[in-house]
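[1] Give me a 3D structure for the following:
(2 chains)
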There are 2 protein chains.
Amino acid sequence: MNITFLLFPNLTQLDFTGPLQVLSRLPGAQVALAAKHKAPVPTDAVLTLNPTHDFSDCPPTDLLCIPGGFGIDDAMQDKETIAFVKREGARASYVTSVCTGAFILGAAGLLKGKKATTHWAYHDELKHVGAEPVQARVVRDGNLFTGGGVTAGIDFAFTLAAEIAGDDVAKAIQLGLEYDPAPPFHAGSPDKAAQATLEAMTARYAPRVADFRKALAAAAQGRQ
Amino acid sequence: MNITFLLFPNLTQLDFTGPLQVLSRLPGAQVALAAKHKAPVPTDAVLTLNPTHDFSDCPPTDLLCIPGGFGIDDAMQDKETIAFVKREGARASYVTSVCTGAFILGAAGLLKGKKATTHWAYHDELKHVGAEPVQARVVRDGNLFTGGGVTAGIDFAFTLAAEIAGDDVAKAIQLGLEYDPAPPFHAGSPDKAAQATLEAMTARYAPRVADFRKALAAAAQGRQ
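    The predicted structure follows:
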């Protein structure tokens, strides 16, 4: 099972590192970290990531996973990146995304008519790539698996692990990673957060979402 | 607030990347990724990590965070690594670890007489570094915060975020990262896992724990 993660500048690193930790423990997993260039890729959180492959030497993908982050605005408009996602998405048995990585799949035309989810602040935007937005932490539509924002990528990865290798393997990995979450607060989704927190965060995301809409329109324009 | 993560070969990358994602969003956070050398550091999961600093140029630490992983066996015995942890641990306002990173603190003498936790498979070993093992996902003893295995680092980081910046800031970060976990299985701790899974995983860890005990003894010997 060749698992390919797309790396692109300014991705949210936990969108990628959460699923990586789970999926790399699947029996027989061969993981490729593919980027446009092999130079270190900056993330949102100090860390830079070293690709193992570029688009020219990436092995044929069985499971494609696209993380999100503010860098999607540029990645959606990058013709080589989208061509790579189209090419590997077409041959993969599983096409997947975490957080706003869904919109890179969308820009590659892979969400048309499909049920999908993404980060809560961008959920309504899914319709602009032809998807049917579904409010859930993990959404499956055939061979397409999408996860919600950032940490949803861990729940998403265990769902995928069970699909690929069976419940018992997934549960063994879960015990190994001691995934028995106990958040100190219950504020991790719009329906659980306090109204003031939700309003403050929605206001903080508003200019980002506005920029995203422009980028999405430019990406669509570029494909015509 | 200078936050220093120790990087060492063969750490479990999510022990580090989970807390990094949360703590790097604290207002005013300056994050250093410090390693013995500035070359890329291999992890357990394909990914290599690029340090931002080495032990000679790391800024003075306010919050020291040590991840775990099988690489602790070597890191505990590395005199320069332990000297760095002693030096930065002595000046830090918060001394912290995730998973088996606790034993690097232990090797530096920072757990003596302290309540602490670690990965479930290594929990009983805490007494060998003079700590008082406590069964909990996050344990606080004064300015010492320890987290359980791997994914416990996320709960640990939100606990720390609230301590440092207040509940409201922690909750806003939680909403931004959509941390509203919904594991597909309830198998993430020894008391929730099926007996067969627990036995299989305990057997798989047994040779690792045996190696660890030898490494811990050698580290103690090296300090005499």
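[2] what's the helix or strand containing A:Val31 packed up against?
    Following DSSP states H and E, one finds A:Val31 within strand A:30-35. Applying 3 or more Cβ pairs under 8 Å, 6 or more residues apart in numbering or on different chains; DSSP states H and E, we find strand A:30-35 packed against strand A:2-6, strand A:53-54. (Each C-beta comes from the backbone N, C-alpha and C, glycine too.)
[3] Can you list the residue ranges for helices in chain A?
    Using DSSP state H, the helices of chain A run over A:13-23, A:72-75, A:79-91, A:102-107, A:152-165, A:167-176, A:195-223.
[4] and the residue nearest to A:Phe84 when sequence neighbours are not counted, how many neighbours does it have?
    Excluding the flanking residues, the one nearest A:Phe84 by Cβ to Cβ, 6 or more residues apart in numbering or on different chains is A:Phe55, at 4.4 Å. The tally of other residues near A:Phe55 (other Cβ atoms under 10 Å in any protein chain shown) stands at 18.
[5] which residues does A:Phe55 contact?
    Residues counted as contacts of A:Phe55 (Cβ atoms under 8 Å, 6 or more residues apart in numbering or on different chains) are A:Ala34, A:Ala35, A:Lys36, A:Glu80, A:Thr81, A:Ala83, A:Phe84.
[6] What's the PyMOL syntax to select whichever of those residues are buried?
    To isolate the buried subset of the contacts of A:Phe55 in PyMOL, counting by 16 or more other Cβ atoms under 10 Å in any protein chain shown, use the following:
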select buried, chain A and resi 34+35+36+81+84
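[7] okay if I get the contacts of A:Phe55 as CSV plus pLDDT and distance to A:Asp15?
    Formatted as CSV, the contacts of A:Phe55 follow (pLDDT from 0 to 100; distance: Cβ to Cβ, whole Å):
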residue, pLDDT, distance to A:Asp15
A:Ala34, 98, 15
A:Ala35, 98, 15
A:Lys36, 98, 18
A:Glu80, 97, 21
A:Thr81, 97, 16
A:Ala83, 97, 22
A:Phe84, 98, 18
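[8] Which single one of the contacts of A:Phe55 is nearest to chain B?
    Taking Cβ to the nearest Cβ as the measure, A:Ala34 is the one of those closest to chain B, at 11.7 Å.
[9] how far away is that closest one from A:Leu198?
    36 Å (Cβ to Cβ, to the nearest Å).
[10] Give me the pLDDT for A:Gln224.
    We have a pLDDT of 68 for A:Gln224.
[11] May I ask which two of the contacts of A:Phe55 are separated the most?
    A:Ala35 and A:Ala83 (13.9 Å; Cβ to Cβ).
[12] Provide a list of residue ranges in chain A with pLDDT below threshold.
    A:224 (pLDDT under 70).
[13] Report the central residue of it.
    When Cα atoms, centre = their mean is applied to chain A, the residue found nearest the centroid is A:Val98 (2.4 Å).
[14] hang on, A:Lys171 packs against B:Ala193?
    Yes - in this structure A:Lys171 lies within contact range of B:Ala193 using Cβ atoms under 8 Å: 6.7 Å.
[15] Compare these two (neighbour count), which wins?
    A:Lys171 (26 against 23).
[16] Not counting its neighbours along the chain, what's nearest that one?
    Counting by Cβ to Cβ, 6+ apart, A:Lys171 lies nearest to B:Ala187, which is 3.8 Å off, once chain neighbours are set aside.
[17] Kindly report the same for A:Lys86.
    The nearest residue in space to A:Lys86 (Cβ to Cβ, 6+ apart) is A:Ala108, at 4.7 Å.
[18] how many neighbours does the one you found have?
    A:Ala108: 25 neighbours (other Cβ under 10 Å).
[19] For stretch A:63-78, measure first residue to last.
    This stretch, stretch A:63-78, spans 22 Å end to end (Cα to Cα, to the nearest Å).
[20] before we move on, back to that, got a list of what the residue nearest to the centre of chain A touches?
    Contacts for A:Val98 were tallied using Cβ under 8 Å, 6+ apart; they are A:15-16, A:18-19, A:65-68, A:146-147, A:150, A:152-153, A:156.
[21] For chain B, tell me which of those show up nearby.
    A:Gly18, A:Val150, A:Ala152 (Cβ under 8 Å from any Cβ of the partner chain).
[22] how close does the closest residue to A:Leu26 other than its chain neighbours get to A:Gly153?
    With sequence-adjacent residues excluded and distances taken as Cβ to Cβ, 6+ apart, A:Leu26 is closest to A:Ala165, at 5.3 Å. Distance, A:Ala165 to A:Gly153, using Cβ to Cβ: 18 Å.
[23] again with A:Val46
    Using Cβ to Cβ, one gets 19 Å for the distance from A:Val46 to A:Gly153.
[24] Show me which of these two is the more surrounded one.
    With neighbours defined as other Cβ under 10 Å, A:Val46 and A:Gly153 compare such that A:Gly153 has more, 31 against 18.
[25] pretty sure that one contacts A:Leu14?
    Yes - using Cβ under 8 Å, A:Gly153 is in contact with A:Leu14, at 7.0 Å.
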